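Undergrad: Next one to model:
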Amino acid sequence: MSCKHLRLLLGAALAVSLSQASAAVVTNTTVPIDAVIPNPCTGEEIHLTGSARVVATVTEDAGGGTHIKMHFNSQGVSGVGLTSGTRYRGIHQENSSSNTRGAAPTVTTERVNIKVVAQGAHGNWIIFSALLHITVNANGTVTVSLGNIKADECS
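TA: Predicted coordinates for the structure are as follows:
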């Protein structure tokens, strides 16, 4: 084989290897929510329970970058006012993505907002925020934890 043909063959092999990205790793995680938070509208404490569902898709590109696409939604989030008995319902869904230059493992933190609506005559709504801590291990598997839940807004 001539030197020219060898260079063409090596160039083609390199182009194929650089164009390949890793297969997507999809992780479906349910994170429990159980917190007592003060209602900024009334001052009453609300006991929130339920869960957050996070579906994460992780890919690595040919350059070694890690890409995470996430879908987050509340699942059966409800609350009860500890003094009044007022019932609340949590509503939220969101999509996000993050990109890092290096390969996994990676760690990302995002703030998510959950709207909680009072049922009945009270009719106020509250925005609670929480930190979503996302860890991608070397295999692309995602683990998620939720913390630092606090009331941000009242209406």
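
Undergrad: Please work out which residues outside stretch 50-60 touch it.
TA: Identification of contacts with stretch 50-60 by CB atoms under 8 Å, 6 or more residues apart in numbering yields 21-33, 66-78, 90, 103-104, 112, 114, 132, 134, 136, 140-142, 144, 146. For the C-beta atoms, the positions are set from N, CA and C on the backbone; glycine is no exception.

Undergrad: Report the separation between residue 57 and residue 24.
TA: According to CB to CB, to the nearest Å, residue 57 and residue 24 sit 5 Å apart.

Undergrad: Hmm, residue 74 and residue 93 touching each other?
TA: Yes - the pair residue 93 and residue 74 passes the contact test of CB atoms under 8 Å, sitting 7.4 Å apart.

Undergrad: The two - which one has more neighbours?
TA: Neighbours per residue, other CB atoms under 10 Å: of residue 93 and residue 74, the larger number sits with residue 74, 22 against 12.

Undergrad: Where does the spatially closest residue to residue 111 that is not a sequence neighbour sit: helix, strand or coil?
TA: On the basis of CB to CB, 6 or more residues apart in numbering, the spatially nearest residue to residue 111 that is not a chain neighbour turns out to be residue 129, at 5.4 Å. In three-state terms, and counting by DSSP: H, G, I helix; E, B strand; the rest coil, residue 129 is strand.
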